[in-house]
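**Student:** with the input below, show me the fold.
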Amino acid sequence: MAPTQRVVLAIVGFIGGVLAASVLAGLVVSATGWELSVPASIGSELGRTVRQVGQAAPLDDHRVPAAWLAVVNAPLWLGLAGAPLLARRAGLSWRRDLGWGMSAIDIPAGLALGVATQFVLIPLYEVIFLFFGEQDVSGPARSLVASVDSPLDLLGLLVITVVMAPLTEEIAYRGLLFGGIRDMERGHVGSGVIIAAAVSSVIFAASHFQLIQFPGLFVFGLVAVAAFHRTGRLATAIWAHVGFNLTTVVLLLWA
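**Tutor:** I've put the predicted structure just below:
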């Protein structure tokens, strides 16, 4: 499959997945009264509880449970990974075009890289805060962890953060998007890789729709690109993504 076609496939898969997931999320919210975005700071939680007690209302944070969030995200994952699956009939080779494959070293190396990237980002955000003031960087992740109320929700959280997001996002953003742009710019040798890394990482970071997390996601995108490009295997980037996300989940659950 031509590089241009791979880039278009990644973009179409993402847009289609987002639209389908948004429709499903709207249906779930309208049917249940849950809310997709609920602040998870201590002050917000305390204020909401006090208000509900004062109104003699049932204590409920109205969050979509994590198990249902996994269901809501399914169309997005289908768009990110389903599009290249269907494209196999059009000549897309997962091994040749996406670097599909794994070596034993990919697991420990990828996990270590993902965990290390999380801790490298801490001083990066300290610098950002000097210019823009203190920001609640972990708010979205903390809200996601706060949606865990049962073992099924915990399973849903793990499916979202350490299984499906790393797998499908690496297929789309590193395998299809970075690989496609890199091959389109192959004549530029080194600069072609830099352009592909920068563009794919910007799109990856922007696709999460979280402005305050954009710098960190962009940096991780570059790390995942480097892992993929260096080894030629998508598995290295996938396991780095697992380590990156799992670090956040463990730290928030432990807190």
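
**Student:** what about residue 244, which SS state?
**Tutor:** Look at residue 244: counting by DSSP: H, G, I helix; E, B strand; the rest coil, its state is helix.

**Student:** so how far is residue 159 from the nearest residue to it once chain neighbours are set aside?
**Tutor:** Closest residue in space to residue 244, ignoring its immediate chain neighbours: residue 114 at 3.7 Å, by Cβ to Cβ, 6 or more residues apart in numbering. Bear in mind the C-beta positions are built from the backbone N, C-alpha and C, glycine included. In this view, residue 114 and residue 159 are 18 Å apart by Cβ to Cβ, to the nearest Å.

**Student:** pLDDT wise, what is the residue nearest to residue 244 at?
**Tutor:** Note on residue 114: pLDDT of 97.

**Student:** and for it, the neighbour number?
**Tutor:** 25 (other Cβ atoms under 10 Å).

**Student:** tell me how far it lies from residue 248.
**Tutor:** Taking Cβ to Cβ, one finds residue 114 at 10 Å from residue 248.

**Student:** got any residues that touch both of those two?
**Tutor:** Counting by Cβ atoms under 8 Å, 6 or more residues apart in numbering, no residue touches both residue 114 and residue 248.

**Student:** for burial, what's the neighbour tally of the closest residue to residue 175 other than its chain neighbours?
**Tutor:** Spatial nearest neighbour of residue 175, excluding adjacent residues (Cβ to Cβ, 6+ apart): residue 98 at 3.6 Å. Neighbour count of residue 98, defined by other Cβ under 10 Å: 23.

**Student:** what pLDDT does the model give residue 98?
**Tutor:** If you check residue 98, the pLDDT there is 91.

**Student:** what's the answer for residue 111, then?
**Tutor:** 97.

**Student:** just confirm it contacts residue 240, I think it does.
**Tutor:** Yes: counting by Cβ atoms under 8 Å, residue 240 is a contact partner of residue 111 at 7.3 Å.
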